[in-house]
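Chemist: Based on what follows, work out the 3D shape:
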Amino acid sequence: MLVWFVRRPEHVEILYLDFDGFFASVAQQADPRLRGKPVGIVPFDAAPTKSMTVIAVSKEAKRLGVKNVMRVPDVLAICPDIILVPQRPDLIRRAHLTLLSEIESEIPIDVVKSIDELACTLDQHTSVDPRGLSQRIKDRLRKNVGEHITCSIGVAANRLLAKIACKVDKPNGITIWHPREMPQPLLLRPLSDIPGVGDRMAARLAGRNITTIDGLLNTRPRQLRALWGSVNGERMWYALHGYAIQAEPTQRSMYGHGRVLPPDWRNLPMARDCSRLLLVKAARRMRRDGFAARQLGLWINGLKDGWTASSALPSVHDDQACLTALHLLWVRAERALPPKYVIMRCGVMLTDLTPLGARQLSLFEEDDTDRQKWERLQDIVDGLNYSHGKRVVTLGAWTPPAGGFAGGKIAYTRIPDAEDFL
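Modeler: Numbers count the residues shown, from 1 in each chain. So this is what the prediction gives:
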């Protein structure tokens, strides 16, 4: 059961920071040849294809009308001179950690929301001059990291309002919404500025004659709970009205990785090999955090459709058990899909988690000597890989697809550990 508490602050309490065009700006900071030019980040180093997507673009490209997550042909039609640069997850991670260190020299970071967003809680001292604090953060980053990585900052009574305020003066702006001024500044923003209000939710709200933030504010908490289909709608109502919300922490529900495949890997055998690497990476993260899984899922995306299936696991965490289950899922996939099926993306998910110290096995599994040997062997393999700082022992071949970083790529909502790049 979700338990949460609300109160209404009288002063600003949250500073929300969002780096501007983060992937591209880090590339520009690292490579002077890219500075001041339109840059697009692509998943891997290969000749552009019709299906390749630009995952992030620079501020210069955005000014020309290019957006994140556009197909390369559409991007080139808008901006023929854009420079396409393959992603560098290791560089992005180092930049992320460097920037966090600089920010924490000014104020403790409360939560890292994603690779390019974070929030800080203001106390009585730091809330007195939030604009001065924001400018000191910007000055420190410019001086100690570089002038090409900029950030926008929003300050408000709670995290949601601060995140929305962060969008007001992008890029490189500072926006402060004091509780005494609300909700007037909020009413000037489009409904799409609210996190979670995408096209589908906007259409659902329009069906209830809610097309502006003013209309949203004039609803009742239970109405938004019903529209969202969860308590998140009710929590949003309170947050938009200036309440600070504290929820109990949630437990991790899955470990997984997905990968866009390079052109010469878009077939069943190569996608299968890629999924093995992704699963080994996910299982390693799961072991590191002290969990075992009782379910394995495999998903495959083609040009127009996809395939997905799952398989039960006996509460395991070692590579041998996970890869054995993955093999059986691929047997099913190869029976269900045409031999020349074009696979654009594939991924794996370990779910139904339980802490290792609390997992319950059946009597047969508890006494399975082979299972015990595989888990002991896994401990030895992990120890060797950790101690040597690279992957010296693997179960089967280890050949990452073009672009590397299988399982170590940067997802906006997850920052890899250094070990993810081994």
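
Chemist: Which stretches in the stretch 1-150 of the chain count as helices?
Modeler: Across the stretch 1-150 of the chain, reading from the start of the chain, the helices by DSSP state H, counting those that start in this stretch fall at 22-30, 59-63, 72-78, 89-104, 130-144.

Chemist: Val280 reaches Asp319, doesn't it?
Modeler: Yes: the pair Val280 / Asp319 is scored as a contact, 5.5 Å apart, by CB atoms under 8 Å. In this view, the C-beta of every residue, glycine as well, is placed from N, C-alpha and C.

Chemist: so what's in contact with the two at the same time?
Modeler: Leu395 (CB atoms under 8 Å, 6 or more residues apart in numbering).

Chemist: Please pull out the lowest mean pLDDT helix or strand from the chain.
Modeler: In the chain, the helix or strand scored least confidently by mean pLDDT, DSSP states H and E is helix 363-366, which has a mean of 54.

Chemist: picking up where we left off before, distance to Val112, mean pLDDT and mean neighbour count added to the helices of the stretch 1-150 of the chain, as a markdown table?
Modeler: Output for those, formatted as a markdown table (distance: least, CB to CB, whole Å; pLDDT from 0 to 100; neighbours: other CB atoms under 10 Å):
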| stretch | distance to Val112 | mean pLDDT | mean neighbour count |
| --- | --- | --- | --- |
| helix 22-30 | 13 | 94 | 24 |
| helix 59-63 | 22 | 93 | 19 |
| helix 72-78 | 29 | 92 | 16 |
| helix 89-104 | 7 | 91 | 17 |
| helix 130-144 | 15 | 96 | 16 |
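
Chemist: looking at those, which is closest to Gly173?
Modeler: With CB to CB as the measure, helix 130-144 is the member of the helices of the stretch 1-150 of the chain nearest Gly173 (9.5 Å).

Chemist: That closest one packs against which elements?
Modeler: Packing partners of helix 130-144 (3 or more CB pairs under 8 Å, 6 or more residues apart in numbering; DSSP states H and E): strand 14-19, helix 89-104, strand 151-156, strand 174-176.

Chemist: Contacts for the first one, please.
Modeler: Pointing back at strand 14-19 there. Outside strand 14-19, the residues within contact range by CB under 8 Å, 6+ apart are 25, 99, 103, 107, 110, 116-122, 126, 130, 133-134, 137, 149-159, 161-163, 165-167, 170.

Chemist: Could you turn the buried ones of these into a ChimeraX selection?
Modeler: Buried members of the contacts of strand 14-19, defined by 16 or more other CB atoms under 10 Å, are picked up in ChimeraX with:
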select :25,99,103,107,116,117,118,119,120,121,122,126,130,133,134,137,149,150,151,152,153,154,155,156,157,158,159,161,162,163,165,166,167,170
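
Chemist: pretty sure Arg287 belongs to a helix, no?
Modeler: Yes: with DSSP: H, G, I helix; E, B strand; the rest coil as the criterion, Arg287 is part of a helix.

Chemist: Assess the claim that it and Ala321 are in contact.
Modeler: No: distance between Arg287 and Ala321: 11.5 Å, which falls outside the contact criterion (CB under 8 Å).
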